[in-house]
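# Dropping a prediction and its sequence here:
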Amino acid sequence: MNRQEMTVPARTAPVLFKEETVSTMTELKEQASGLPHGAVLWTLRQTAGKGRSGRSFASPDGGLYYSMLLRYAQPDERLLAVTPLAAVAVVRALRRHSGIETEIKWPNDILLGGKKLCGILTESVTGAGGMQIIVGIGINVNTREFPTELRSIACSVFQETGKTGDLAELAAILTGELDRVYAKLPLFSPEDLEEYRDRCGTIGKKISQGGTARRIGDDFSLVTELDDGSEKEIRFGEIFQT
């Protein structure tokens, strides 16, 4: 079944908007008990955006800062696909919205011209009510300039295209793409896996954990070749590539 044929349930979960918030992930987590699977919160500005490993995430005006709440009855290791599937959804949303082709740095950064265009962060909590996952996405859309320390590593859609993008339109497109890739989790479409493989620029690069990235496994893991010729599979975590 291809992406066009895949049946996606009609959206009933709310899409919430605030002009400014501390962090869409933090606020969605605080409101989660009263929200259903698929609920979305997006904003124009974050005063304390969240990045990986407790780092802050720069959230200047012009970006789309977005989080979605997912609920599952029980933990399942296949739900590790949530993060790479979010990357697939972002790639497709940016293609539809802005006409740009982006690259995925395993497992979850979106690059354009070698610079970071989008960051994705997932957080999960398991309790008596099942498993709750919040997917946070920050896209540099209309940002004109970055702080000096970020100019060599970050970019925006505006810098690439010279055009100002409609953030509400991009949020709507992204919501549709996320609904589509998450429609069957913990299963996922072979087409989604192939899109990830096609867009992943990590393959062939030396990585910080040692060895060279060789391919994406059937579960979105990164398979690397070590110096002695043996292979190693990395299923999650942050890597640095050269």
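That came in fine, so what should we check first? Keep in mind the model is a prediction, meaning the values are calculated, not measured. Numbers count the residues shown, from 1 in each chain.
# pLDDT at residue 219, what is it?
On pLDDT, residue 219 comes in at 95.
# Then residue 4?
On the pLDDT scale, residue 4 gets 47.
# does the residue nearest to residue 170 when sequence neighbours are not counted sit in a helix, a strand or a coil?
Nearest residue to residue 170, sequence neighbours excluded (C-beta to C-beta, 6 or more residues apart in numbering): residue 97, at 4.7 Å. Any C-beta I mention is one placed from the backbone N, CA and C, and that applies to glycine too. Under DSSP: H, G, I helix; E, B strand; the rest coil, residue 97 falls in the helix class.
# buried ones in the longest strand along the chain?
The residue-count maximum for a strand in the chain (DSSP state E) belongs to strand 115-127. Neighbour counts over strand 115-127 (16 or more other C-beta atoms under 10 Å) mark 115-122 as buried.
# Of all pairs in these, which one spans the longest distance?
Pairwise distances across the buried residues of strand 115-127 peak at 22.4 Å for 115 and 122 (criterion: C-beta to C-beta).
# now the end-to-end length of stretch 72-83.
15 Å (C-alpha to C-alpha, to the nearest Å).
# List the contacts of that stretch.
With contacts defined as C-beta atoms under 8 Å, 6 or more residues apart in numbering, stretch 72-83 is touched by 70, 107-108, 120, 122, 124, 126, 130-131, 133, 135, 182, 185-188, 219-220, 235-236.
# Tell me how the protein divides into domains.
15-199, 202-242 (automatic domain parsing).
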